[in-house]
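A.B. asks: got a predicted structure here, sequence first:
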Amino acid sequence: MKVEPGAADLLGIARETILSQLVPALPEGARYAALMAANALAIAAREIASPAHEAAERGRLAALLPDRTPAGEDAADRRAATALLAARVREGRFDD
């Protein structure tokens, strides 16, 4: 399972696509809505990248993987924990 790009990265890619490809092609009346959507994506990306969001993610991983050392502040460690969680889901460990 590929964990990258993360949610904030995907939101950034979506925002850049809207701004670089869609906004220039839209009629003037629709541009405002597209720019509002791009701004909303930027806000969401900032929230997801916040320390509070990352701490909440570590907490969820710790709750789902109690036998594993809690995921540290390191993004690579969180990716490893997420990959382990995905493997366990595929194995059916959470089916009950």
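C.D. replies: Thanks, I have the structure now. Residues are numbered from 1 along each chain as shown.
A.B. asks: mean confidence for stretch 44-60?
C.D. replies: Mean pLDDT, stretch 44-60: 86.
A.B. asks: let me redo that: stretch 22-36
C.D. replies: pLDDT averaged over stretch 22-36 gives 96.
A.B. asks: before we move on, what about stretch 75-84?
C.D. replies: 84.
A.B. asks: from now on call the first residue 30
C.D. replies: All set: I'll call the first residue 30, so the last point we hit is now stretch 104-113.
A.B. asks: and the helix ranked longest in the chain, what does it pack onto?
C.D. replies: Selection of the longest helix in the chain by residue count, based on DSSP state H, yields helix 57-77. Using 3 or more CB pairs under 8 Å, 6 or more residues apart in numbering; DSSP states H and E as the contact test, the elements touching helix 57-77 are helix 36-46. For the C-beta atoms, the positions are set from N, CA and C on the backbone; glycine is no exception.
A.B. asks: for the helix it packs on, list the C-alpha coordinates in CSV.
C.D. replies: Taking Å, rounded to 0.1, in the frame of the first residue of the first chain, the C-alpha atoms of helix 36-46 are listed here in CSV:
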residue,chain,number,x,y,z
ALA,A,36,-4.0,14.1,2.5
ALA,A,37,-2.5,17.6,2.7
ASP,A,38,-0.4,16.8,-0.4
LEU,A,39,-3.5,15.6,-2.3
LEU,A,40,-5.4,18.8,-1.3
GLY,A,41,-2.5,20.9,-2.5
ILE,A,42,-2.5,19.1,-5.8
ALA,A,43,-6.2,19.5,-6.2
ARG,A,44,-5.9,23.2,-5.4
GLU,A,45,-3.1,23.7,-7.9
THR,A,46,-5.0,21.9,-10.6
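A.B. asks: no more questions from me, cheers.
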